[in-house]
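J.: what's the 3D shape of this:
(2 chains)
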Amino acid sequence: KNEVEQSPQNLTAQEGEFITINCSYSVGISALHWLQQHPGGGIVSLFMLSSGKKKHGRLIATINIQEKHSSLHITASHPRDSAVYICAVALIQGAQKLVFGQGTRLTINP
Amino acid sequence: DAGVIQSPRHEVTEMGQEVTLRCKPISGHDYLFWYRQTMMRGLELLIYFNNNVPIDDSGMPEDRFSAKMPNASFSTLKIQPSEPRDSAVYFCASSLGRGLYNEQFFGPGTRLTVL
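T.: This next block holds a predicted model:
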């Protein structure tokens, strides 16, 4: 079993829909990152969370440390939100490293 | 600011050849990260530096891979000898302070093909 699991793997929705992408992890972490990878391949860091909730524009990220779970929400989704969203966790023990989820491919149709 | 700069953007080489990938971090950033992305394994952190010193290289796949950061504005990732399974996109990223616990800025990546 992977240490970081994302769901769903693929998601297709209509413009305007509310989107939720989930990330669950099985190890102790000190921080969690959400990344966005555009169809052209470029990667952008969206959020870094260690507790609670963060909001940036139409994007909201939450984390529940006790339940080892994080969600990324997109309100009023738009075709330009189409991308792969990747969750990564910074381990709290052992080697100082990031472990990545497999990514969620989001397609927003107009 | 120019952002993180990587060169070359594309590299095609033959098995057994030496490959050198280059990265210039954002000026003033004190952390630099090297990643590899493949379809099979996704994104992987290979190695990262703080103030030019390697902090963790546990992600480096084997001795054929080496990375250096001779100064604050330049880093290299070298593969010698290269193998077809090294074909991937290699990303460099930099951040200011707090290492793995801060926002990272990614370069455009180098797409490596080893024939």
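
J.: can we go C-alpha only for contacts and neighbour counts from here?
T.: Fine.

J.: Test my guess that residue B:8 contacts residue B:107.
T.: No. Counting by CA atoms under 8 Å, residue B:8 stays clear of residue B:107, with 11.5 Å between them.

J.: Going by how many neighbours each has, rank the two and give me the top one.
T.: Using other CA atoms under 10 Å in any protein chain shown, the more surrounded residue of residue B:8 and residue B:107 is residue B:107, with 24 against 14.

J.: Find me whatever residue is spatially closest to the closest residue to chain B within chain A, sequence neighbours aside.
T.: Here chain A gets closest to chain B at one residue, residue A:42, 5.6 Å apart by CA to the nearest CA. Once flanking residues are discounted, residue A:42 sits nearest to residue B:108: 5.6 Å by CA to CA, 6 or more residues apart in numbering or on different chains.

J.: For that neighbour, give me its contacts.
T.: For residue B:108, the contacting residues are A:41, A:42, A:43, B:4, B:5, B:6, B:9, B:91, by CA atoms under 8 Å, 6 or more residues apart in numbering or on different chains.

J.: mind checking the SS state of residue B:26?
T.: coil (DSSP: H, G, I helix; E, B strand; the rest coil).

J.: what residues does chain A put near chain B?
T.: On the criterion CA under 8 Å from any CA of the partner chain, chain B has as its neighbours in chain A the residues A:30-31, A:41-48, A:90, A:95-103.

J.: hmm, which of those residues are the buried ones?
T.: A:30-31, A:43-48, A:90, A:96-103 (16 or more other CA atoms under 10 Å in any protein chain shown).

J.: Okay, and which of these map to strands?
T.: A:30, A:31, A:43, A:44, A:45, A:46, A:47, A:48, A:90, A:98, A:99, A:100 (DSSP state E).

J.: Can you pick out the most distant pair from those residues?
T.: Spatially, the most separated pair among those is A:30 and A:43, at 21.9 Å (CA to CA).

J.: which one of the ones in strands among the buried ones among the residues of chain A next to chain B is nearest residue A:74?
T.: Using CA to CA, residue A:46 is the member of these that lies nearest residue A:74, at 11.8 Å.
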